[in-house]
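A.B. asks: Sequence plus the predicted model coming up.
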Amino acid sequence: MSFYQSALDIAAESRDAPDSIPARTSAILSALDGLGRRLSATRFLDKDFSLAQAEAQAKQTNRSAKLFGVPLAHKELYGRVAPSGPWPDEGGSSTCEGQTARQTAFAISQLDKAGSIDCGRLVSVEYALGVTGHNEFAGTPKNPWNPDYICGGSSSGSGSVVAAGIVPGALGSDTGGSIRLPAAACGLVGIKPTYGVVSRSGVFPLSHSLDTVGPLTRSVADGAAMLQAITGFDATDSCSIQVPSEDYSRNLEIGLAGLSIGLCEDYFLTGSDTDMADMTADSFALCQTLGAKGRSVKLNNIDIINPLNVLMIATEAAQIHRTVACDKHHMLNDQTLMRILAGAFTTAEDYHVLQQSRARAIAAVMEEVFDKVDILMTPVWPFALPTIEASDVGATPDAAPLMQRIGHNTRPVNFLGLPSVCLPTRWDKNGLPVSVQLIGKPYSEATLLQAAAALEREYRFWDRTPDLDKI
Amino acid sequence: MIDKNFIPPLQLDVLADSGIPDSQIELARTTSDELRSIVSTQKDKPSGPSVHELFSGYAEQHRIALEISE
């Protein structure tokens, strides 16, 4: 099997030689069972199902689907009811051990329709409630660039397996940065779509208001193709919105000319370590060299958005998981328990004010930023990636500030419901990936992907691959 | 308007009776107090359309912009 093939190349090969689909799928399942488990990233495989899906695709006469024959694996929060029975739906938690999916997730059904092969499920942080990737029960995935380092969370297994080149893409979920943090930690493109663009039906819930669904891939074009596949209105998700269908790949070759890009020094750069801020400023300068118009922007009250988002996640998580938190607290990771309990004291009035604050913040940022620029550029991680050992803080008093700090640049985007694409640019002092985040106005995914593709061509991050012999 | 489906906050004695260690309850309560104190600064500000209404409106604007560009 050839590692590090793009989804679009695999789809093209599959169209030319459909007989290759079962063999490729079999090789990828072996890699998920081997390397994927050595990375502590593979959670569940149903080889019979995946091979049957591959055989069925190989017999298709219509091979036009965008992801025809492309093997993918996804975060374990995505439900699948296979003909032989439902797949596990444990949310990365021993409290849900033995629980199985009640439905196939909408996004998974969409990927089936797009011709992809579902090769299994990947480790998530418990309840998707964590940003470092630690999980005592399901495993703490290792970063393929250096296995001593974290993958970030909560879509940690997705980041690990895609960066290891086993599959070209994986779905994650993002409530405060859980697609973008692992994508950035592992050198991947991560897409957090606009509020309402992708249905969360059939996905293990954390926060009804803030959960979003999106892909982690090694290239912008693959990310655009996966995003294209999973979008669509779904009446079973009350946050789903009727959005016109559009081709997210249509602008990938256009470049940056004509776009305006903003840099918000206050908060995003001042709240990040100097190295991260400087590398973001360098990327901002590069955009201007490539023809974009650069502009400094300010966001009033941005500093309260991160803590408001932390409280909203905790409050909604407590609404869902409070009974388990009381009855099975001894089975929960200390940090998960602490974060759920922090939301258990929120009153209905507090919650109402939170929702109103969110709506006001969204309207304000549209006026303050997106009336002036098309894209806002920020760092993703505010500091160099920590090791697995150094960031294993459990529920000590140090944990809450660390969690807030890690999500400094990502959580505001969830609170504001905006789309965001992160992509790798270079390397930190320890040789781990560094990324920038491109944030846009609602439903501007195509514009963000256009800019990301232009930067991708300059940085050529994936000309280098991890040394997997170390794993 | 208060959300009728919202489950009221847990009482400290319920948490204590569940066997959760006091230290964890205290840490969670402290974190909650800090975060809710920020919420309280937002209480008297004017209310407007809901998040869903806002995004439905942005989706309509986006549809119009796409039609014009085509």
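C.D. replies: Sure thing, it's come through. Residues are numbered from 1 along each chain as shown, chains lettered A, B, ... in the order given.
A.B. asks: Only C-alpha atoms from now on, for both contacts and neighbour counts.
C.D. replies: OK.
A.B. asks: centre of the chain versus stretch A:270-289, how much separation?
C.D. replies: 22 Å (Cα atoms, centre = their mean, to the nearest Å).
A.B. asks: for stretch A:223-238, same thing?
C.D. replies: 14 Å.
A.B. asks: can you check stretch A:263-270 too?
C.D. replies: 23 Å.
A.B. asks: Name the surrounding residues that touch the lowest-mean-pLDDT helix or strand in chain B.
C.D. replies: Counting by mean pLDDT, DSSP states H and E, chain B has its least confident helix or strand at helix B:12-17, which shows a mean of 87. Applying Cα atoms under 8 Å, 6 or more residues apart in numbering or on different chains, the contact partners of helix B:12-17 are A:326, B:22, B:25.
A.B. asks: helices or strands up against the helix or strand following that helix?
C.D. replies: Where DSSP states H and E defines the elements, the next helix or strand beyond helix B:12-17 is helix B:22-40. Helices and strands touching helix B:22-40, by 3 or more Cα pairs under 8 Å, 6 or more residues apart in numbering or on different chains; DSSP states H and E, are helix A:305-327, helix A:334-341, helix A:348-368, helix B:12-17.
A.B. asks: Tell me which of the ones you listed sits nearest to residue A:40.
C.D. replies: Closest of those to residue A:40 is helix A:334-341, at 19.7 Å (criterion: Cα to Cα).
A.B. asks: and the gap between residue A:322 and residue A:267?
C.D. replies: 33 Å (Cα to Cα, to the nearest Å).
A.B. asks: Excluding covalently adjacent residues, which one is nearest to residue A:384?
C.D. replies: Closest residue to residue A:384 apart from its sequence neighbours, by Cα to Cα, 6 or more residues apart in numbering or on different chains: residue A:428 at 6.4 Å.
A.B. asks: so the one you found makes contact with residue A:434?
C.D. replies: Yes: using Cα atoms under 8 Å, residue A:428 is in contact with residue A:434, at 6.1 Å.
A.B. asks: which neighbours do those two share?
C.D. replies: residue A:384.
A.B. asks: These two - which one has more neighbours?
C.D. replies: residue A:434 (30 against 15; other Cα atoms under 10 Å in any protein chain shown).
A.B. asks: How about the secondary structure of that one?
C.D. replies: strand (DSSP: H, G, I helix; E, B strand; the rest coil).
A.B. asks: Contact partners for residue A:7?
C.D. replies: So residue A:7 contacts A:67, A:70, A:168-169, A:222 (Cα under 8 Å, 6+ apart).
A.B. asks: Of those residues, which belong to helices?
C.D. replies: Mapping these onto helices (DSSP state H) picks out residue A:222.
A.B. asks: Can you name the residues of the stretch 201-350 of chain A that neighbour chain B?
C.D. replies: Counting by Cα under 8 Å from any Cα of the partner chain, the residues of the stretch 201-350 of chain A close to chain B are A:239, A:241-244, A:304, A:307-308, A:310-311, A:319, A:326-327, A:329-330, A:338-339, A:341-350.
A.B. asks: So which helix or strand of chain A has the lowest pLDDT on average?
C.D. replies: helix A:399-406 (a mean of 87).
A.B. asks: Show the subsequent helix or strand relative to that helix.
C.D. replies: Immediately after helix A:399-406, counting by DSSP H and E, sits helix A:411-416.
A.B. asks: Which secondary structure elements does the following helix or strand past that next one sit against?
C.D. replies: Following helix A:411-416 in sequence order, the next helix or strand is strand A:420-427 (DSSP H and E). Using 3+ Cα pairs under 8 Å, 6+ apart, the elements in contact with strand A:420-427 are helix A:180-186, strand A:189-192, strand A:433-440, helix A:445-459.
A.B. asks: so which of these comes closest to chain B?
C.D. replies: Checking the helices and strands packed on strand A:420-427 against chain B by Cα to the nearest Cα gives helix A:445-459 as the closest, at 11.2 Å.
A.B. asks: Report the mean per-residue pLDDT for stretch A:203-212.
C.D. replies: Mean pLDDT, stretch A:203-212: 97.
A.B. asks: correction: stretch A:31-38
C.D. replies: On average, stretch A:31-38 scores 98.
A.B. asks: List the buried residues for the least confident helix or strand of chain A?
C.D. replies: For helix A:399-406, a neighbour-count test (16 or more other Cα atoms under 10 Å in any protein chain shown) marks A:399-400, A:403-406 as buried.
A.B. asks: give me the subset of these touching chain B.
C.D. replies: residue A:400.
A.B. asks: residues contacting the residue nearest the centre of chain B?
C.D. replies: Most central in chain B under Cα atoms, centre = their mean is residue B:39, positioned 9.1 Å from the mean C-alpha point. Counting by Cα under 8 Å, 6+ apart, residue B:39 touches A:308, A:350, A:353-354.
A.B. asks: one more time with 10 Å
C.D. replies: For residue B:39, the contacting residues are A:304, A:307-308, A:311, A:349-354, A:357, B:33, by Cα atoms under 10 Å, 6 or more residues apart in numbering or on different chains.
A.B. asks: One more: residue A:373?
C.D. replies: Per Cα under 10 Å, 6+ apart, neighbours of residue A:373: A:259-263, A:293-297, A:366, A:440-441.
A.B. asks: Which pLDDT value goes with it?
C.D. replies: pLDDT, residue A:373: 98.
A.B. asks: Check residue A:163 too.
C.D. replies: For residue A:163, pLDDT reads 98.
A.B. asks: Tell me the spacing between it and residue A:467.
C.D. replies: Residue A:163 is 11 Å from residue A:467, by Cα to Cα.
A.B. asks: export the helices and strands packed on strand A:420-427 to CSV and tack on mean pLDDT and distance to residue A:96?
C.D. replies: CSV is the format used below for these (pLDDT from 0 to 100; distance: least, Cα to Cα, whole Å):
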stretch, mean pLDDT, distance to residue A:96
helix A:180-186, 98, 24
strand A:189-192, 98, 27
strand A:433-440, 98, 34
helix A:445-459, 98, 35
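A.B. asks: can I get the ones you listed in CSV with distance to chain B?
C.D. replies: CSV is the format used below for the helices and strands packed on strand A:420-427 (distance: least, Cα to the nearest Cα, whole Å):
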stretch, distance to chain B
helix A:180-186, 22
strand A:189-192, 16
strand A:433-440, 12
helix A:445-459, 11
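A.B. asks: Tabulate the ones you listed in TSV, adding columns for distance to residue A:391.
C.D. replies: Formatted as TSV, those follow (distance: least, Cα to Cα, whole Å):
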stretch	distance to residue A:391
helix A:180-186	14
strand A:189-192	22
strand A:433-440	17
helix A:445-459	29
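A.B. asks: hang on, the earlier thing: residue A:322 and residue A:267: which is more packed in?
C.D. replies: Per other Cα under 10 Å, whichever of residue A:322 and residue A:267 has more neighbours is residue A:322, with 22 against 17.
A.B. asks: Got the confidence number for that one?
C.D. replies: 90.
A.B. asks: Equivalent analysis for the one 3 residues further on, please.
C.D. replies: In this prediction, residue A:325 carries a pLDDT score of 92.
A.B. asks: sorry, back to before: can you tell me which of the residues of the stretch 201-350 of chain A next to chain B are buried?
C.D. replies: A:239, A:241-244, A:307-308, A:310-311, A:319, A:326, A:329, A:338-339, A:341-350.
A.B. asks: hey, where'd the strands end up in chain A?
C.D. replies: A:42-44, A:71-75, A:81-82, A:85-86, A:117-122, A:169-174, A:189-192, A:212-217, A:260-263, A:293-296, A:375-379, A:420-427, A:433-440 (DSSP state E).
A.B. asks: Among these, show me which one is buried the most.
C.D. replies: Sort the strands of chain A by mean neighbour count, taking mean count of other Cα atoms under 10 Å in any protein chain shown, and strand A:189-192 sits at the top with a mean of 33.
A.B. asks: which secondary structure elements does it contact?
C.D. replies: When contacts are defined as 3 or more Cα pairs under 10 Å, 6 or more residues apart in numbering or on different chains; DSSP states H and E, strand A:189-192 packs onto strand A:169-174, helix A:180-186, strand A:212-217, helix A:220-230, strand A:420-427, strand A:433-440, helix A:445-459.
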